[in-house]
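1. Kindly return the folded structure for what I paste below:
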Amino acid sequence: IKKESNLDIRINSLLIRRGKMSYNVLSAEETPGKFNAQHIQLRNIIANISLKALQNDSVNAAVKRLSIEEENSGFELKKLSLKIVANNQKMSIENFAIDLPNTSLAMDTIRMEYDSLGAFRNFTNDVRFSLRIFPSDITLCDLAPFVPAFSPFKENLQVALEANGTINQLNCPHLSITGNQHFHLRGDVSLQDLSHPQDAFVFGNLSSLYADPEGIAFFVRNLSKNYEGVPPVLQRLGTISFNGEVSGYFTDIVTYGLVRTDIGSIKTDLKLSSNKEKGYFSYSGAVKTEEFELGNMLANDQLGKVTFNLKVEGNHYEKQYPSIVMKGLIASIDYSDYNYENITLDGEYKQGGFNGKIALDDENGSVLLNGSINTASRVPTFNFHADIRNVRPHELHLTPKYEDTAVSIQLTADFTGGSIDEMNGEINIDSLQFT
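-> The predicted structure follows:
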């Protein structure tokens, strides 16, 4: 009969100074600047570890200090400290604190539960835990060796968090992120399959997302590789807030809620997708607003407020004109001090031009335009049919002349050119009334 040995190890103090360790899978590709578990080069290891008890089914240990530099990725752990007490079904980690070059994070007691020690072989699914991060300063560029997209983010965020569950079924009933008192996010989040970030699914209920002009500048500055200031359109929005829901994958997410700005509010139900490697960004869904100050946002004195309910589908590639399909109703829009009403859109903005239908049904005239117009191309092109009925140009503030005059016309146009001298093609007028 094989007698089971009783493990009982105690180490008062284990000290390491200027240690080194390397691990390489020679057949694996190297990834300089990004952490790679198959190519690890540790240096300047400093450790002070106390193993108070290690037995067959329990451990009691303390890491008083652990510092490491990973040479290949550039990751630097300035200090890690914790105390751990565990048996074959429970574990508690106390006094957990971690310092990176610009990050200082501290946690309340981390508690773990598992059916047996064998659960650690499938840690992401079988080990249940709960934790609370005290308000901590985190600088995302410290994590760039693991998430390269964080590399431009060099300013501090203040983060507080409560979480429970498993790595692949994680619930965060409390999440708070603040940036220099000019930005804050509060809400609750749940995540699935976090062990595979490319497949991770997130659902969040954002009770408050707020950024004043300084907060917007904070994010643009830290998300831009080459910061050249806040785009004027964002500046004109003033303070932005959002409350609602987000769900989906990190590169394919749906937002549902209300965006408030200093110049109006927009209700959104949008799916947002992106691919940074291809320089691609897209969105699809519905947007709705009332009395939004469009002219203020675009710095256009002729435009005023707009009310619309539209379905949109847009695709944007770097250094190219966007492609935007729009369908819905512009209930009203101010232009040249006149409030136009009941404009129906059903078409696509592409390559700087519009192709589709536009219909105006206003008390001072109706217009139906069907076809394509592109004035952004090298040679402007026009191919459309227009049905204009009882349009009163003076009442529409299109001209100071022709009071009490109505114009009706039907025409078909198919020509190119930006002026009469350059025009090549034809315009056919079926009927014209001037009363």
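2. is it true that Asn275 touches Phe250?
-> No: with contacts defined as C-beta atoms under 8 Å, Asn275 does not count as touching Phe250, sitting 11.5 Å away. Using the backbone N, CA and C atoms, a C-beta is placed for each residue, glycine as well.
3. can you give me the helices for the stretch 201-350 of the chain?
-> 213-223, 232-237, 294-298 (DSSP state H, counting those that start in this stretch).
4. how about low-confidence regions in the stretch 151-300 of the chain?
-> 276 (pLDDT under 70).
5. Show me the strands in it, by range?
-> 157-166, 169-179, 183-192, 201-211, 240-249, 252-261, 264-275, 280-293 (DSSP state E, counting those that start in this stretch).
6. Any idea which of the ones you listed gets closest to Asn370?
-> strand 280-293 (24.0 Å; C-beta to C-beta).
7. is it possible to export the helices of the stretch 201-350 of the chain to a markdown table including mean neighbour count and distance to Glu426?
-> Formatted as a markdown table, these follow (neighbours: other C-beta atoms under 10 Å; distance: least, C-beta to C-beta, whole Å):
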| stretch | mean neighbour count | distance to Glu426 |
| --- | --- | --- |
| helix 213-223 | 17 | 49 |
| helix 232-237 | 15 | 39 |
| helix 294-298 | 18 | 34 |
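8. Need those helices in TSV (columns: distance to Lys319).
-> Shown next, in TSV, are the helices of the stretch 201-350 of the chain (distance: least, C-beta to C-beta, whole Å):
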stretch	distance to Lys319
helix 213-223	19
helix 232-237	18
helix 294-298	22
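9. Phe242 - how many residues pack around it?
-> 19 (other C-beta atoms under 10 Å).
10. Quickly note the distance from it to Ile9.
-> 54 Å (C-beta to C-beta, to the nearest Å).
11. shouldn't Phe183 be in contact with Phe219?
-> Yes: between Phe183 and Phe219 there is a contact at 6.8 Å, judged by C-beta under 8 Å.
12. any common contacting residues for these two?
-> Taking C-beta atoms under 8 Å, 6 or more residues apart in numbering as the contact rule, Phe183 and Phe219 both touch Ala211.
13. Go ahead and confirm Ile373 touches Phe354.
-> Yes: between Ile373 and Phe354 there is a contact under C-beta under 8 Å: 5.7 Å.
14. And the two? Which one has more around it.
-> Phe354 (21 against 16).
15. helix/strand/coil for that one?
-> Assigned by DSSP: H, G, I helix; E, B strand; the rest coil, the conformation of Phe354 is strand.
16. Now do the contacts for it.
-> Phe354 neighbours (C-beta under 8 Å, 6+ apart): 347-348, 372-374.
17. Out of those, name the ones that lie in strands.
-> Judged by DSSP state E, strands contain the following of those: 347-348, 372-374.
18. Throw those residues into CSV and include pLDDT and distance to Ser92, thanks.
-> Formatted as CSV, the ones in strands among the contacts of Phe354 follow (pLDDT from 0 to 100; distance: C-beta to C-beta, whole Å):
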residue, pLDDT, distance to Ser92
Gly347, 95, 62
Glu348, 93, 59
Ser372, 93, 68
Ile373, 91, 69
Asn374, 90, 67
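19. from these, which is closest to Ile429?
-> Nearest member of these to Ile429, counting by C-beta to C-beta, is Ile373, at 17.6 Å.
20. Just the strands from the stretch 1-150 of the chain, written as ranges.
-> 8-24, 39-55, 58-70, 76-87, 90-100, 103-106, 110-113, 128-138.
21. tell me the angle the last one makes with strand 169-179.
-> Angle, strand 128-138 to strand 169-179, by axes from the mean of the first three to the mean of the last three C-alpha atoms, to 10 degrees: 10 degrees.
22. repeat for the first one
-> Relative orientation of strand 8-24 versus strand 169-179 (the same axes, to 10 degrees): 70 degrees.
23. residues of stretch 409-429 that come out buried?
-> 409-410, 413 (16 or more other C-beta atoms under 10 Å).
24. what residues are up against Asn171?
-> Per C-beta under 8 Å, 6+ apart, neighbours of Asn171: 163-165, 188-190.
25. quick one: which of the residues you listed is nearest Gly425?
-> Val189 (57.2 Å).
26. which residues does the closest one bridge with?
-> Beta bridges link Val189 to Cys172, Gly204 when assigned by DSSP bridges.
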